[in-house]
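Student: Let's see this in three dimensions:
(one chain, ligands or ions: 2)
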Amino acid sequence: MRVLVADPLDEAGLERLRQGGVELDVRTGLPRATLLSRIGEYEAVIVRSETRIDAEVVEAGRRLAVIGRAGVGVDNIDVEAATRRGIVVVNAPEANTISAAEHTLAMMLAVARRIPWAHHALAQERRWERRRFVGVQLAGKTLGLVGLGRIGSEVARRARAFGMHVLAYDPYVVPERAAETGVELVELEDLLGRSDFISIHCPLTARTRHLIDAERLRRVRPGAYLVNCARGGIVDEAALAEALREGRLAGAALDVFAEEPPGDNPLLGLPNVVVTPHLGASTQEAQSAAALAVAEEVLRVLAGDVPRHAVNVPAISPDRWAWARPYLDLGRRLGRVFTELFGLPPAGRIEIVYRRELAHAPESEALTAATLWGILSPITPEGVSMANARLLACQRGIEVVESHSRPSGDRPGQEAGPAMLVQAQLGGQGQTVSVGGDLGPERRPRLLTIDGYRVHIEEPGHLLVSEHMDRPGIIGTVGTLLGRHRINIAYMQLGRDRPGGQAVMVLGVDGPVPEDVLRQLRQIPDLWNMRAAEW
Ligand SMILES: NC(=O)c1ccc[n+]([C@@H]2O[C@H](COP(=O)([O-])OP(=O)(O)OC[C@H]3O[C@@H](n4cnc5c(N)ncnc54)[C@H](O)[C@@H]3O)[C@@H](O)[C@H]2O)c1
Ligand SMILES: O=C(O)CC[C@@H](O)C(=O)O
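Tutor: Ligands and ions are numbered 1, 2, ... in the order given. You can find the predicted model right below:
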């Protein structure tokens, strides 16, 4: 597996990738034409904020399975284009929270106490001008946060320690959560009119581009300061420059710009603007944590595992991750075995039933995505992942229905079935096919039912699954044929409705079974539906 590191990445991440056994290519600052011509050689690419992975780069990355962002913002990645191709986009959302929050406070203090100008006057011009650099205190002032996520909340905590009153505008946060951090949740217009300092902490999206525009800047309290350590495009820079020139704003502190590096951006020359070159995450701690976290995520995806922080895969909360992870594996295995045994249902409708401990689990969206990934993987092994499984299923006309049944059996008094069941109707006869499973005592996925017949498969490996008439001699014939082809049987399980009736046979075998052997097995009388599958 080849990984391209296209932006500077801390050594901790590079070392972790090397340990993970991938072939590493560190090529920072590649010209776009080179990136486009070389990206097709890699299974993964890792960037920070410099390299743009737009739709054209995604398209050229024919082998890409994962795009890693060593940080939070993914606005330099075309996530939609990546999702269409099944490329998982991972980031490191927690690694630089504290550093970005601390930088925000540093910028706020710098502009409020006029530190850069005072430093310049003394250090560069040897001028001792104490009266010229009188600032304002933070204590007793109101801070308005636009976005109360990880960084916004940490800024709030620190601002409160400075004695500030903190307001926040965040349409996706409930007032109770804001209150827990001692923050008053308000509407944006209210925040603009009441804040002495406004600090931006939302992501750059189509909805937040120019969220702070000329109109909103006119509503800002006269003499307020604006701090932006999120993304340049959230504020209309031309309108901000005008507000600063006219003195409607007392000052601004900017770590980020609509275009980076900013070139001859008018904001750079203004006497009341403090700037840093996107340094919010530039601490040793944040860089090494982000590099390590993204390296782990990239290795996870390359190993076929589910990442913890993918922006285009249904989320699982960090405190539920350990609980949910083996169920994702169960869903993927059940999905794959379902398609290997029955194919995709022509009726185009697959039902995924969640029971018992899964009946009310909040992770069903992720579980369904993992199951669909498994369902589609025998058909499009290269092009499907948890990121695009739903989209691909939809494009193939497959309707996916989730049902959540009672925790203890579907009817009162009925024994509970397996925690997860994948089922569908085959053809017009209305015959229902299904596979069901759960986790064993060691939390390993188990295949427990095939078409309602009980089995118990826990060991990952190759399976032969067939149906037969329960009569003497059949099992022996199968065993002899496999022996003749030197295929070792690891174990055998039988599920039957009654003695002498119909039965399901599952053989665990020590390797894949060649097609010509399967053909011979299918010719054994009173045995039908012989299929190879994998658990
Ligand atoms: N300067 C830097 O080096 C640096 C470092 C880290 C992060 N960042 C930027 O900071 C942003 C926030 O990071 P985070 O870790 O706090 O992310 P987060 O996802 O934890 O928080 C973002 C918050 O913004 C809110 N939000 C979304 N749309 C909004 C809108 N229209 N109006 C108001 N709020 C809205 C969300 O509900 C969420 O609570 C990142 O997206 C990134 O662009 C910059
Ligand atoms: O890579 C960086 O240093 C910046 C990261 C920051 O912008 C982020 O969104 O995490």
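Student: contact partners of stretch 512-519?
Tutor: 462, 464, 481, 482, 485, 487, 521, 530, 531, 532 (Cβ atoms under 8 Å, 6 or more residues apart in numbering). Heads up, the C-betas are built off the backbone N, CA and C, glycines and all.
Student: Turn the residues you listed into TSV, including neighbour count.
Tutor: Shown next, in TSV, are the contacts of stretch 512-519 (neighbours: other Cβ atoms under 10 Å):
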residue	neighbour count
462	17
464	22
481	15
482	19
485	12
487	19
521	21
530	22
531	18
532	19
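Student: what's the neighbour count on the residue of the stretch 1-150 of the chain found nearest ligand 2?
Tutor: Using Cβ to the nearest ligand atom, the single residue of the stretch 1-150 of the chain nearest to ligand 2 is residue 71, 2.5 Å away. By other Cβ atoms under 10 Å, the residues close to residue 71 number 25.
Student: Can you tell me which of the contacts of stretch 512-519 is closest to residue 334?
Tutor: For the contacts of stretch 512-519, the closest approach to residue 334 (Cβ to Cβ) belongs to residue 531, at 15.4 Å.
Student: got the CA positions of the helix or strand the closest one falls within in PDB?
Tutor: Residue 531 belongs to strand 527-534 when assigned by DSSP states H and E. Provided in PDB are the C-alpha atoms of strand 527-534 (Å, rounded to 0.1, in the frame of the first residue of the first chain):
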ATOM      1  CA  LEU A 527     -27.900 -31.900  -2.300                       C
ATOM      2  CA  TRP A 528     -28.600 -28.400  -3.700                       C
ATOM      3  CA  ASN A 529     -27.600 -24.800  -3.400                       C
ATOM      4  CA  MET A 530     -24.000 -25.500  -2.800                       C
ATOM      5  CA  ARG A 531     -22.300 -22.100  -2.300                       C
ATOM      6  CA  ALA A 532     -18.900 -20.900  -1.100                       C
ATOM      7  CA  ALA A 533     -18.900 -18.000   1.300                       C
ATOM      8  CA  GLU A 534     -16.600 -16.400   3.900                       C
END
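Student: Please verify my assumption that residue 300 contacts residue 310.
Tutor: No - the pair residue 300 / residue 310 is not scored as a contact, 9.4 Å apart, by Cβ atoms under 8 Å.
Student: Pop the domain breakdown of this protein in here.
Tutor: 1-94+281-313, 97-275, 315-442, 459-535 (automatic domain parsing).
Student: rank the ones you listed by mean pLDDT and give me the bottom one.
Tutor: Note on these: domain 315-442 shows the lowest mean pLDDT, a mean of 87.
Student: That one vs ligand 1: in contact?
Tutor: No - using Cβ under 6 Å from any ligand atom, domain 315-442 stays clear of ligand 1, with a minimum separation of 10.9 Å.
Student: State the number of residues packed around the closest residue to ligand 2 within the stretch 151-300 of the chain.
Tutor: Closest approach between the stretch 151-300 of the chain and ligand 2, counting by Cβ to the nearest ligand atom: residue 281, at 3.8 Å. The tally of other residues near residue 281 (other Cβ under 10 Å) stands at 26.
Student: What distance do you get for it to residue 6?
Tutor: According to Cβ to Cβ, to the nearest Å, residue 281 and residue 6 sit 17 Å apart.
Student: which one of residue 300 and residue 310 has more residues nearby?
Tutor: residue 310 (24 against 19).
Student: I'd say the more buried one and residue 87 touch.
Tutor: No - assessed by Cβ under 8 Å, residue 310 is found out of contact with residue 87, at 10.2 Å.
Student: Give me the common contacts of these two.
Tutor: residue 387.
Student: follow-up on the earlier one: what about the contacts of stretch 512-519, which are in strands?
Tutor: 462, 464, 530, 531, 532 (DSSP state E).
Student: just checking: which of those also lie near ligand 2?
Tutor: Answer for the ones in strands among the contacts of stretch 512-519 near ligand 2: none qualify (Cβ under 6 Å from any ligand atom).
Student: So which residues on the chain come close to ligand 2?
Tutor: Residues of the chain lying near ligand 2 (Cβ under 6 Å from any ligand atom): 48, 49, 70, 71, 72, 73, 96, 278, 280, 281, 282.
Student: export those to JSON lines and tack on secondary structure?
Tutor: Below are the residues of the chain next to ligand 2 laid out as JSON lines (DSSP: H, G, I helix; E, B strand; the rest coil):
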{"residue": "48", "secondary structure": "coil"}
{"residue": "49", "secondary structure": "coil"}
{"residue": "70", "secondary structure": "coil"}
{"residue": "71", "secondary structure": "coil"}
{"residue": "72", "secondary structure": "coil"}
{"residue": "73", "secondary structure": "coil"}
{"residue": "96", "secondary structure": "coil"}
{"residue": "278", "secondary structure": "coil"}
{"residue": "280", "secondary structure": "coil"}
{"residue": "281", "secondary structure": "coil"}
{"residue": "282", "secondary structure": "coil"}
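Student: If you go by neighbour count, which of these are buried?
Tutor: Burial by neighbour count, 16 or more other Cβ atoms under 10 Å: within these this picks out 48, 49, 70, 71, 72, 73, 96, 278, 280, 281.
Student: Phi first, then psi, for the second one.
Tutor: Backbone torsions for residue 49, taken as degrees, to the nearest 10, come to phi -100, psi -10.
Student: and it, what does it touch?
Tutor: Contacts of residue 49 by Cβ under 8 Å, 6+ apart are 7, 71, 73, 76, 260, 278.
Student: Next: the fourth one.
Tutor: For residue 71, the contacting residues are 48, 49, 91, 92, 95, 96, 281, 290, taking Cβ under 8 Å, 6+ apart as the criterion.
Student: Looking at the residues you listed, which one is closest to residue 134?
Tutor: residue 281 (32.2 Å).
Student: which residues touch the residue lying closest to residue 98 once chain neighbours are set aside?
Tutor: The shortest distance from residue 98 to any non-neighbouring residue, by Cβ to Cβ, 6 or more residues apart in numbering, is to residue 154 (6.1 Å). By Cβ under 8 Å, 6+ apart, residue 154 lies in contact with 97, 98, 100, 101.
Student: give me the number of residues near the closest residue to the first one other than its chain neighbours?
Tutor: Spatial nearest neighbour of residue 97, chain neighbours left out: residue 150 (4.4 Å); criterion: Cβ to Cβ, 6+ apart. The burial metric for residue 150, expressed as a neighbour count using other Cβ under 10 Å, is 17.
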